[in-house]
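**Q** build the 3D model from these lines:
(one chain, ligands or ions: 1)
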Amino acid sequence: MTRLTACPNAESAAERAARDVVRQLEAVRGQGRTPHIALTGGDTPQRTYELLAREPEHWRDVEVWFGDERCVPPDHEQSNYRMAALALLNPAGIAAERVHRMEGELGPDEGAQRYAQLLARRVDADPVPVLDLIVLGIGPDGHVASLFPGAPTLRAGDDAICLPVHESPKPPPQRITLSLAVLRAARRCLLLATGASKADAIGAMLAEPTPSVPASLLVRERLTVIVDDAAAPTEDPR
Ligand code: 6PG
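**A** Numbers count the residues shown, from 1 in each chain. Here you go, the predicted structure:
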């Protein structure tokens, strides 16, 4: 069963998401493992990252990965890494050697290949690398990471780790994304959504699984969804 929490507004949703991330990191440490977490891009998670940066002690050992990246330089205003670095990585003082950004500047194909190799080297696989927590946003069309409705990336094999995107409907067109197989292998996914523009996508995500709504293909038993009231589905479709 998906855990769905609706908060009164975007700020309280960000506060709840930050608490959930910290709880997940502590749970992984409690199992004697180093936490491996993938961050999402977009606007929604930024406030959550800013709140997390206030407690740097929680990031002392965390290995930070990314769910997707735009094929731009790391200092470009559209870079997901840049957003996370400004909101969390730099203010929390997370050591550079524990931050694994996708090299979007290499382009989709080489960037995806290099990231897949890095993940396979550094994260235990079963059969794909198993991350402890993947933070996700969702598009109004139900995309997660850079897995878009009906895209060929959704049909990549069960051993696919990281994929190139050449024609993203959400600009910029060239991206790198974790595969659906990696999202589905994660021990937990935390999906954040705020604003009325996401309500239909959240409802569709919790309805019948379909490639036309990539978020609906996530493993529901390992999915936590935190929304504000504006993004909450009109009826609980779980
Ligand atoms: C990206 C993101 C993408 C994002 C959603 C929601 O690179 O654009 O990873 O998947 O999470 O599009 O974006 P917003 O949070 O900006 O609405």
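**Q** how near is V128 to A38?
**A** According to C-beta to C-beta, to the nearest Å, V128 and A38 sit 13 Å apart. C-beta: built from backbone N, CA, C; applies to glycine.
**Q** quick one: the longest helix along the chain near the ligand?
**A** When every helix of the chain is counted residue by residue (DSSP state H), the longest turns out to be helix 10-30. No. Residues of helix 10-30 are not located near the ligand by C-beta under 6 Å from any ligand atom, the shortest gap being 10.7 Å.
**Q** can I get that helix in PDB? Just the C-alpha atoms.
**A** Output of helix 10-30 as PDB, limited to C-alpha atoms (Å, rounded to 0.1, in the frame of the first residue of the first chain):
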ATOM      1  CA  ALA A  10       3.800  23.400   0.400                       C
ATOM      2  CA  GLU A  11       5.800  24.500   3.400                       C
ATOM      3  CA  SER A  12       4.300  21.800   5.700                       C
ATOM      4  CA  ALA A  13       4.800  19.300   2.900                       C
ATOM      5  CA  ALA A  14       8.400  20.200   2.600                       C
ATOM      6  CA  GLU A  15       8.800  19.900   6.400                       C
ATOM      7  CA  ARG A  16       7.200  16.500   6.400                       C
ATOM      8  CA  ALA A  17       9.400  15.400   3.500                       C
ATOM      9  CA  ALA A  18      12.500  16.500   5.200                       C
ATOM     10  CA  ARG A  19      11.500  14.500   8.300                       C
ATOM     11  CA  ASP A  20      10.800  11.500   6.200                       C
ATOM     12  CA  VAL A  21      14.200  11.700   4.500                       C
ATOM     13  CA  VAL A  22      16.000  11.900   7.900                       C
ATOM     14  CA  ARG A  23      14.000   9.000   9.200                       C
ATOM     15  CA  GLN A  24      15.000   6.900   6.100                       C
ATOM     16  CA  LEU A  25      18.700   7.800   6.500                       C
ATOM     17  CA  GLU A  26      18.600   6.800  10.200                       C
ATOM     18  CA  ALA A  27      16.800   3.500   9.400                       C
ATOM     19  CA  VAL A  28      19.500   2.600   6.900                       C
ATOM     20  CA  ARG A  29      22.300   3.300   9.400                       C
ATOM     21  CA  GLY A  30      20.400   1.300  11.900                       C
END
